[in-house]
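Novice: sequence and predicted structure, then a few things I'm wondering about:
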Amino acid sequence: MRWGVIVFPGSCDDHDVYDAIKRVLKQKVEFLWHKDRLPAGLDCVVLPGGFSYGDYLRCGAMGRFSPIMGDVVEFAARGGLVLGICNGFQILCESGLLPGALVRNASLQFVCKPVYLRVEETDTPFTSSAKKGQLLRLPVKHGEGCYFADAATLERLKENRQVLLRYVDAKGKATAAANPNGSLDNIAGVCNEARNVFGLMPHPEDATEKILGSDDGLKIFSSIILAVGRPEKKAWAG
Amino acid sequence: MRAKIFISFKNGVLDPQGKAVERSLHTLGYQEVRDVRMGKYLEVELDAASRETAEARLREMCDKLLANPVIEDYRFEIEN
């Protein structure tokens, strides 16, 4: 399996993702400069966290127009797996690959802490290794992670079961206190209708070894590896 | 031509910055303040053959980049 990690000017978790994939997971991975074309033969493209283009105008607004993003849109349309983490999630929303938008945290404060996430759906290439309702302990670190979508979009998300992760407390309850940023309906991660594009605010790449406090992030990466390993089964197609 | 572009959050979108400013104004004694919404303001100098062309181009710019239609509304004024 071949992974690509896009590097935008201002990306800063690109090396975290690269290290998790290469050293921890022993996978083939390459950095992709945002001005280059997407090489052929990739199985999964990751848009990492950071502050692409300094978060000017809106988070992810400029990253969306990086030359490589045209290829990413095509790659996704062909069924390629695309994972957007934090700023990568913001870019995917801005580019229309995912519904909704991410705005300033309700608290107005940057949050940097481990949170609990509840896996809501497992028939996706990003969550098939987890059990429905399973809790993951992953860190968040963002100032603009408050998920918003209008009522019609939220309804569609629920109908198609596109909400894959929700912020919950240690008991698995989606309470207001467990919501670190004011996200609508405690939403922490959503996928597209075709289930091959996934964006989330928490950082699975920063929770891939026990020494980091949690290795729950491996659930996301191992699901992707599993899905690519048996595309004929289309593990995510339900 | 010079255009002034105003971008604001749609109704229903949380605006915690506006809320914080509102609280500060109340603390300062401006109790009459009921609702503060913060937005963005841009000035753009552009060449266009006519006002209509400029308006069409500005709408495009706002739809594509300057505003995010999911969360924001915009309006603009053009000065010669």
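Specialist: Alright, I've got the coordinates.
Novice: can you list the weak-confidence ranges in chain A?
Specialist: Counting by pLDDT under 70, the ranges of chain A that qualify are A:231-238.
Novice: what parts of chain A come near chain B?
Specialist: Contacts of chain A with chain B, taken as CB under 8 Å from any CB of the partner chain, map to A:57-58, A:61, A:65, A:93-94, A:100-101, A:103-108, A:146, A:148-150, A:182. To be clear about C-beta, it is placed using only N, CA and C from the backbone, and glycine gets the same treatment.
Novice: of those residues, buried ones?
Specialist: A:57-58, A:61, A:93-94, A:100-101, A:103-106, A:146, A:148-150, A:182 (16 or more other CB atoms under 10 Å in any protein chain shown).
Novice: can you list contacts of the lengthiest helix in chain A?
Specialist: Criterion DSSP state H: the longest helix present in chain A is helix A:218-229. Outside helix A:218-229, the residues that touch it by CB atoms under 8 Å, 6 or more residues apart in numbering or on different chains are A:1, A:20-21, A:24-25, A:27, A:43-44, A:81, A:83, A:119, A:124-130, A:134, A:136, A:204-205, A:207-208, A:235-236.
Novice: put the alpha carbons of it into PDB.
Specialist: Output of helix A:218-229 as PDB, limited to C-alpha atoms (Å, rounded to 0.1, in the frame of the first residue of the first chain):
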ATOM      1  CA  LEU A 218      -4.100   3.000  15.100                       C
ATOM      2  CA  LYS A 219      -7.800   2.000  14.700                       C
ATOM      3  CA  ILE A 220      -8.100   4.600  12.000                       C
ATOM      4  CA  PHE A 221      -4.900   3.700  10.200                       C
ATOM      5  CA  SER A 222      -5.400  -0.100  10.400                       C
ATOM      6  CA  SER A 223      -8.900   0.300   9.000                       C
ATOM      7  CA  ILE A 224      -7.500   2.000   6.000                       C
ATOM      8  CA  ILE A 225      -4.800  -0.600   5.500                       C
ATOM      9  CA  LEU A 226      -7.400  -3.300   5.800                       C
ATOM     10  CA  ALA A 227      -9.700  -1.600   3.300                       C
ATOM     11  CA  VAL A 228      -6.900  -1.200   0.700                       C
ATOM     12  CA  GLY A 229      -5.800  -4.800   1.300                       C
END
